[in-house]
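Student: Structure, please.
(chains A and B)
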Amino acid sequence: MKIKPLEILSHVILILGVLLMVLPIWFSFATSTHDNVSIMTEGMKFFLGESFSQNYNEVLNEKGGWSEEVTAARMFINSFIMALGIATLKVVISAMSAYALVYFRFKLAVPIFWLIFITLLVPLEVRIFPSYKIVSDLGLTNTYTGLILPLVASATATFFFRQFYKTIPDELLESAKLDGANSWRFFIDFLLPLSKTMLAAMFIFMFVYGYSQYLWPLIMTTDEKYWTVVMGMKIIFTENYEGVALPRTGERFAYIILSMLPPVLVVVILQRWFIKGLIQTEK
Amino acid sequence: MGFLELQNITKIYPNGTKAVDETSLNIDNGEFVVFVGPSGCGKSTLLRMIAGLEDITSGKISLDGNLINNIDPSERDVAMVFQNYALYPHMSVFNNMSYGLKNRGISKDEINNKVNDVAKLLEIDQLLSRKPSMLSGGQRQRVAMGRAIVRNPKIFLFDEPLSNLDAKLRNQMRLEIKKLQRQMGVTSIFVTHDQTEAMTLGDRIVVINNGVVEQVGTPKDIYSKPKTKFVAEFIGSPQMNLFQSKIENGLAKISDIQIKLNNTLNIEDACVGIRPDDILISDKGEYSSLANLVEYLGSDMIIYSSIGGQEFSCKLSSKINLKAGDIFKFDISPSTVHIFDNVTGYRA
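Tutor: I've put the predicted structure just below:
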């Protein structure tokens, strides 16, 4: 097969793009397997070192924080619970509210939809003090409920589900009605399976969104038991300076690499559906 | 009292459009009735009201002696075949057919038996595990029918189910629907805008125009004795020729042609209808005209001509040797002439 020059060029560009994305991660990983002395003296590493198990072991099990109560493993679990809760509830609630908006012809459905849509303009950071006030008045600070609940409504997901439901032909609903499906059954037996790929795509987006929350858990939690990974990135392994200790760069890189794993896993597992969901046309 | 009884059914949409106006109709058990009319005439609305998919503004619908106005569609015991089939895209053919049964709490074994029986009847038993997206148009049509049949409803409703098929398949499915209906003897209503479908399928035809029933009758009745000018024009292909005319004492005048009728009517503003195949071409014909255009259709041909500026067509065997530009002679038998009063639109 003859290879055209244009093909070579486009492949070069693509390969450059891949390297641009992958190299920093590789550098982080390689550096995370070296001991702190060599990192301090020689800088970032390209080749693997010998301290892999030591660094990662320390990261996962060493107690950190001011009161020395929380380990990185704990923070991973917290982040995972938070992200899972936010993603699941966001998807469920948006799918159901979109169902109500599209299929129940109540008055003001359109204004209500736009009202929901407008909340896109009011991100959590803008309403963080009122949200904090409410959550603390409810006594939900330092709980998973408090971490998750204020973040479970999603205008974006509601919008996407609404647009998707609108493309489903009316005859399907009518036929289902004649077949004896009530509104609940229609949702469970028809809309959910039909929007399977959409659900997966939304779940991934919302999981990453929940996982990368920083400000909200920072304000919400005073108890170190509820710290999340992203908070920890700032706090953990930085407080142990006592003038003479080396910065624990190796461990911090190990921590960063570990913190990337859960979202990567979610994407890898759901990516087949995810891609279909983004480009889906078949109905 | 009929099996399905419509009493003064009216449908007015929220925007004020009157889709169906005071329609009353009785349909007997086992009958195959076709609603036919141009698009937007309200025939589908009427069908959807029977199915329960559309609210009834006023009037009563009763099925098998029970008033069903306010009964949920699923409890009316009606099955509908939609124009685009409305198959459930995420379910296999088997699940498509069994979904309604499952919702009624019928046991698994019974569902299996019923679905398999119907699938065999429709020759789709090989396809039961496939998804609708893997089926051809004709197969989808069969599945849609199967889904309706398997529920064993009191009444079948067909909403233009053949219009998405190509011409050949349409004829084949038309025959099949007719056969199946005969075989099962289930009361059926079939909505179409195609007069050929209406004529071939229906035991009785209901011609609807602008939300009003123009005529109800057997295909033969409707073809041979159209009650209104609209029905006369709508049923029959090619269309009936309509001439503006004046009738004096049983003599119809169409410009310079005069037809002696079998009656003594006097109508100032009349419309004379003659079917294209009732214009009999013969060398000894009483009238003559110029063939403007000849359409050759194989066994038949259609000649377009005009009398005093009023165009008309006649259909005849293509064995007759006639081409555009020829003068031809023809006869009209008074018994085949339809007279309508232009003022009322009704048959005189």
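Student: Model confidence for whatever residue of the stretch 1-150 of chain A ends up closest to chain B, exactly?
Tutor: The nearest approach of the stretch 1-150 of chain A to chain B comes at A:Arg105, 10.5 Å away (CB to the nearest CB). Every C-beta, even on glycine, is put in place using the N, C-alpha and C of the backbone. Per-residue confidence for A:Arg105 comes out at a pLDDT of 78.
Student: Kindly state the pLDDT recorded for the residue sitting nearest the centre point of chain B?
Tutor: Central residue check for chain B by CA atoms, centre = their mean: the C-alpha nearest the mean position is that of B:Ala198, 2.8 Å away. Taken from the predicted model, the pLDDT recorded for B:Ala198 is 93.
Student: Any idea how many residues pack against the residue of the stretch 1-150 of chain A closest to chain B?
Tutor: A count of neighbours around A:Arg105, defined by other CB atoms under 10 Å in any protein chain shown, yields 7.
Student: which parts of the stretch 101-250 of chain A sit against chain B?
Tutor: A:169, A:171-172, A:174-181, A:185, A:189-190, A:193-194, A:196 (CB under 8 Å from any CB of the partner chain).
Student: try 7 Å this time
Tutor: Counting by CB under 7 Å from any CB of the partner chain, the residues of the stretch 101-250 of chain A lying close to chain B are A:169, A:171-172, A:174-175, A:177-181, A:190, A:193-194.
Student: Take the residues you listed and keep only those in helices.
Tutor: A:171-172, A:174-175, A:177-178, A:193-194 (DSSP state H).
Student: Can you tell me which of those has the most neighbours?
Tutor: Neighbour tally across those (other CB under 10 Å): the maximum, 29 neighbours, falls on A:Ser175.
Student: Let me know the pLDDT of that residue.
Tutor: Looking at A:Ser175, its pLDDT reads 93.
Student: So it sits against B:Asn84, correct?
Tutor: No: counting by CB atoms under 7 Å, A:Ser175 sits too far from B:Asn84 to count as a contact (10.0 Å).
Student: what sits up against stretch B:199-215?
Tutor: With contact meaning CB atoms under 7 Å, 6 or more residues apart in numbering or on different chains, stretch B:199-215 is reached by B:18-21, B:23, B:25, B:31-38, B:41-43, B:174, B:177-178, B:190, B:198, B:216-219, B:222, B:226-228, B:230-231, B:234-235.
Student: Any of those residues buried? List them.
Tutor: The neighbour-count criterion (16 or more other CB atoms under 10 Å in any protein chain shown) marks B:19-21, B:23, B:25, B:31-37, B:41-43, B:174, B:177-178, B:190, B:198, B:216-217, B:219, B:222, B:226-228, B:230-231, B:234-235 among these as buried.
Student: tell me which element the residue of the stretch 1-150 of chain A closest to chain B is part of?
Tutor: A:Arg105 belongs to no helix or strand when assigned by DSSP states H and E.
Student: which residues sit against the strand or helix carrying B:Phe340?
Tutor: Assigning secondary structure by DSSP H and E places B:Phe340 in strand B:338-341. By CB under 7 Å, 6+ apart, the list of residues contacting strand B:338-341 from outside reads B:226, B:229, B:232, B:247, B:265, B:267, B:270-273, B:346-348.
Student: the helices in the stretch 101-250 of chain A, which residues?
Tutor: If DSSP state H, counting those that start in this stretch is used as the criterion, the helices of the stretch 101-250 of chain A fall at A:109-118, A:128-137, A:144-148, A:155-166, A:170-178, A:183-185, A:192-194, A:196-211, A:215-220, A:229-235, A:249-279.
Student: No more questions from me, cheers.
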